[in-house]
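Enquirer: coords please:
(chains A and B)
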Amino acid sequence: MARTSPPGSPAGPPHDAVDDHRPRPPGPGPAHPPGTSAADRSETKAADAPGPWRPGVVKVLARAGAPLASACVVLALWWAAARAGVLGEGLVPTPWQTLRAAHAMWADGTMTADLRASLARAGQGFAAGAAAGTALGFLTGNQRRVAALVGPMMSFLRPIPAIALVPLVTAWFGIGEQAKHLLIAYAVFLAVWLYVHDGVARVPADYLRAARALGVPRRRRLTEVLLPAAAPSVVAALRYGAGLAFLALVAAELGGAQSGIAYRLQVDGQFLRTDHMFVGLIELGLLGLLADALISAVGHRLVHWSSGS
Amino acid sequence: MTALVRLEGVEVRYGRSLALTATELDFAQGSFTSLLGPTGCGKSTLLNAVAGFVPPSSGRVLMDGVPVTGPGPDRGVVFQHYALLPWFTGRGNVEFALKRFGLSRTERRARALEALAEVGLADAAEKHPAQLSGGMRQRVALARALAAQPRVLLMDEPFGALDAITRARMQRLLTRLWEHTRTTVVFVTHDVDEALALSQRVIVMAAGPGRVIADHRVGDGPKADLHHRIVTQLDTE
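Expert: As a prediction, the model looks like this:
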């Protein structure tokens, strides 16, 4: 079954493109069938190299081409803007200055400490919010009466962003880790609930009718019908929720913290260290991208049937 | 013959609209009956009431004298759009129905393959529904419904989405299966030819509001005359 990924998907080269063909040669030269001698190898030209690996490499390059090109354009624009001094001298760091700042932050240990603190917060808040949102989504998606009870409350809460809750949560719980987990979990919970609820409510009624007419008991209707039928929505919910976890993380850390990527951003802001601030922003972007790639890769493996239909 | 399924004054309303006026009907054990009529005549509603998907607003459905309160494995259902579970293979879909018998894994597997062979799908057992044609999907659905060993098989326009050739082939398959198992069948269709080709009895229904207008026994003789009468009945309504 051909696995499809959305355009611009950060999931990297698809597995089937790599698995079906020989690994890419380490150097610029072509791969060789086993048994060819070193002398043969040096004679071989890329153009007449036999073997099935070349379409594979072309495919991988074609897949990676668009994201690479997009990164190059951004880098070029960034560099040009820094060089032109559009905002004033030294206010936009060059890519090179940013890289040096990143290295300095890595060397003095602040980057590791910040990453660890932020990831722990985002991870724990996400886990709690996603678990609660998924569970409630299944309940309300399947039970109309519960949905009628819970739905209006959720619609009321959804326009209230996590950042608006920072003062209240700080008043109640102080600026400890618990408060940050709560804020992140809140944001993730609302988003995940909405997607999962919608996905479960859309499960074709005939699936459940067929199961009941076959005498399938309630527990198996949940695990063998509702869960797989709603799985694509759950994956979408978790991807969206992971993005929100980082948004809420920033709100939580700006509200008072002693470590973390957003805390560092705020400190660097006070000293106008724009190169350090760029590093922090890039860290946030990369973390979000990685989380999304991870969830969608796992999702593709679990929801293997939906690519064929 | 005794009545396996009995409708006593069954009336179904959706909100304020009357989908099926109070209906009295018996379905004999081992019989093959078609419910024939245009869209909105209540034929699917009647079937859903027997299946237990839709509660009657008055009256009751009796299964072997016991009132129906919801769906159950004694009443198998074949849906127009198959309702196969896309995450299971053909065999997985049949095993889904077999699990309630508490068989060992190997025996369940063997029974599922047997059921698929019965509908001519031995080769497609390991394929997912998305890889199967409409006719093949409906064969899997038929194998799945029969695997649960229902006392009555309720079929809701099961061949409505198939092309003419596949449809004729499925009709032959169904007739063969029925002659073999003698499971009671209630078959919903809007196709006069299909009803006459398959059934021993054709119940004609009309819309606005849904109701039974005629009840024909299909004999062994020529069907042209009966065909003409049914078409006339459908026209005058």
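
Enquirer: which residues does B:Val204 form a beta bridge with?
Expert: B:Leu36, B:Ala214 (DSSP bridges).

Enquirer: Got the confidence number for it?
Expert: We note a pLDDT of 96 for B:Val204 in this prediction.

Enquirer: isn't it right next to B:Leu226, touching?
Expert: No. Assessed by C-beta atoms under 8 Å, B:Val204 is found out of contact with B:Leu226, at 10.6 Å. Any C-beta I mention is one placed from the backbone N, CA and C, and that applies to glycine too.

Enquirer: Apart from its neighbours in sequence, what residue is nearest the one residue in chain B that gets nearest to chain A?
Expert: Nearest to chain A in chain B, going by C-beta to the nearest C-beta, is B:Pro73, at a distance of 3.1 Å. For B:Pro73, ignoring the flanking residues on the chain, the nearest one in space by C-beta to C-beta, 6 or more residues apart in numbering or on different chains is A:Gly215 at 3.1 Å.

Enquirer: ok so the one you found is a helix residue?
Expert: No. A:Gly215: not assigned to a helix; according to DSSP: H, G, I helix; E, B strand; the rest coil it is coil.

Enquirer: isn't it right up against B:Arg100?
Expert: Yes. Counting by C-beta under 8 Å, B:Arg100 is a contact partner of A:Gly215 at 5.0 Å.

Enquirer: can you list residues touching both of the two?
Expert: Common contact partners of A:Gly215 and B:Arg100 (C-beta atoms under 8 Å, 6 or more residues apart in numbering or on different chains): B:73, B:148.

Enquirer: I figured B:Ala125 was touching B:Gly90, is that so?
Expert: Yes. In this structure B:Ala125 lies within contact range of B:Gly90 using C-beta under 8 Å: 5.1 Å.

Enquirer: okay, those two: which has more neighbours?
Expert: Neighbour count, other C-beta atoms under 10 Å in any protein chain shown: between B:Ala125 and B:Gly90, B:Gly90 has more, with 31 against 20.

Enquirer: And the residue nearest the centre of chain B?
Expert: Centroid check for chain B by C-alpha atoms, centre = their mean gives B:Met155 as the closest residue, at 1.5 Å.

Enquirer: what sits against B:Ser133?
Expert: Contacts of B:Ser133 (C-beta under 8 Å, 6+ apart): B:Thr166.

Enquirer: Distance check, it against A:Gly109.
Expert: 63 Å (C-beta to C-beta, to the nearest Å).

Enquirer: got it, and A:Gly260?
Expert: For A:Gly260, the distance to A:Gly109 - C-beta to C-beta - is 14 Å.

Enquirer: if you count what's nearby, which of these two comes out ahead?
Expert: More neighbours surround A:Gly260 than the other of A:Gly260 and A:Gly109, with 26 against 9 (other C-beta under 10 Å).

Enquirer: buried set for the longest helix along chain B?
Expert: Assignment by DSSP state H gives helix B:164-181 as the longest helix of chain B. Across helix B:164-181, burial judged by 16 or more other C-beta atoms under 10 Å in any protein chain shown covers B:166-167, B:169-171, B:173-174, B:177-178.

Enquirer: doesn't B:Leu25 fall inside a strand?
Expert: Yes. B:Leu25: assigned to a strand according to three-state DSSP.

Enquirer: Which residue, neighbours along the chain excluded, lies closest to it?
Expert: Looking at B:Leu25 with C-beta to C-beta, 6+ apart, the closest residue is B:Leu7, at 4.4 Å.

Enquirer: Spit out the contact partners of the one you found.
Expert: B:23-26, B:46, B:49-50, B:59, B:61-62.

Enquirer: just the buried members of these?
Expert: B:23, B:25, B:46, B:49-50, B:59, B:61-62.

Enquirer: Specify which member of the residues you listed is nearest to B:Val119.
Expert: B:Val50 (23.3 Å; C-beta to C-beta).

Enquirer: Look at that closest one and tell me its secondary structure.
Expert: Applying three-state DSSP: B:Val50 is helix.

Enquirer: just checking, it touches B:Asp74?
Expert: No. Here B:Val50 lies out of contact with B:Asp74, judged by C-beta under 8 Å, at a distance of 10.8 Å.

Enquirer: that older thread, quick one, which of A:Gly215 and B:Arg100 is more surrounded?
Expert: For A:Gly215 versus B:Arg100, neighbours defined as other C-beta under 10 Å are more numerous around A:Gly215 (20 against 15).

Enquirer: I'd like to check which residues are in contact with the closest residue to B:Glu157 other than its chain neighbours.
Expert: Nearest residue to B:Glu157, sequence neighbours excluded (C-beta to C-beta, 6+ apart): B:Gln80, at 4.5 Å. The contact partners of B:Gln80, by C-beta under 8 Å, 6+ apart, come to B:156-158, B:160-161.

Enquirer: Make a ChimeraX selection of the buried ones in these.
Expert: Filtering the contacts of B:Gln80 down to the buried ones (16+ other C-beta under 10 Å) takes a single ChimeraX command:
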select /B:156,157,158
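
Enquirer: Turn the contacts of B:Gln80 into TSV, columns for pLDDT and secondary structure.
Expert: Output for the contacts of B:Gln80, formatted as TSV (pLDDT from 0 to 100; DSSP: H, G, I helix; E, B strand; the rest coil):
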residue	pLDDT	secondary structure
B:Asp156	96	strand
B:Glu157	95	coil
B:Pro158	95	coil
B:Gly160	90	coil
B:Ala161	88	coil
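
Enquirer: Need the max-distance pair from the contacts of B:Gln80.
Expert: Within these, B:Asp156 and B:Ala161 form the most distant pair, 11.3 Å apart (C-beta to C-beta).

Enquirer: hey, what's in contact with both of B:Ala125 and B:Gly90?
Expert: In contact with both B:Ala125 and B:Gly90: B:Leu116, using C-beta under 8 Å, 6+ apart.

Enquirer: List phi and psi for the residue of chain A found nearest chain B.
Expert: Residue nearest to chain B within chain A: A:Gly215 (3.1 Å; C-beta to the nearest C-beta). Main-chain dihedrals, A:Gly215, degrees, to the nearest 10: phi 70, psi 20.

Enquirer: mind checking how far it is from B:Ala110?
Expert: Note on A:Gly215: its distance to B:Ala110, by C-beta to C-beta, is 20 Å.

Enquirer: for A:Leu99, same thing?
Expert: Counting by C-beta to C-beta - A:Leu99 and B:Ala110 are separated by 64 Å.

Enquirer: The two - which one has more neighbours?
Expert: Taking other C-beta under 10 Å, A:Leu99 and B:Ala110 do not tie; A:Leu99 has more neighbours (15 against 12).

Enquirer: Show the pLDDT at that one.
Expert: Looking at A:Leu99, the pLDDT reads 94.

Enquirer: how far away is it from A:Ala293?
Expert: 23 Å.

Enquirer: for A:Val216, same thing?
Expert: Distance from A:Val216 to A:Ala293, by C-beta to C-beta: 36 Å.

Enquirer: higher neighbour count, those two?
Expert: A:Val216 (21 against 16).

Enquirer: is it true that that one touches B:Arg100?
Expert: Yes. The pair A:Val216 and B:Arg100 passes the contact test of C-beta under 8 Å, sitting 7.0 Å apart.

Enquirer: List, one by one, the residues from chain B near chain A.
Expert: Applying C-beta under 8 Å from any C-beta of the partner chain, we find that chain B lies next to chain A at B:51-53, B:70-73, B:75-77, B:79, B:81, B:83, B:85-87, B:96-97, B:99-100, B:128-131, B:144-145, B:148.

Enquirer: what about burial for those, which qualify?
Expert: B:51-53, B:71-73, B:75-77, B:79, B:81, B:83, B:85-87, B:96-97, B:99, B:128-129, B:131, B:144-145, B:148.

Enquirer: Show me the helices in chain B, by range?
Expert: Under DSSP H, chain B gives helices at B:43-51, B:90-98, B:105-118, B:134-147, B:164-181, B:192-198, B:224-236.
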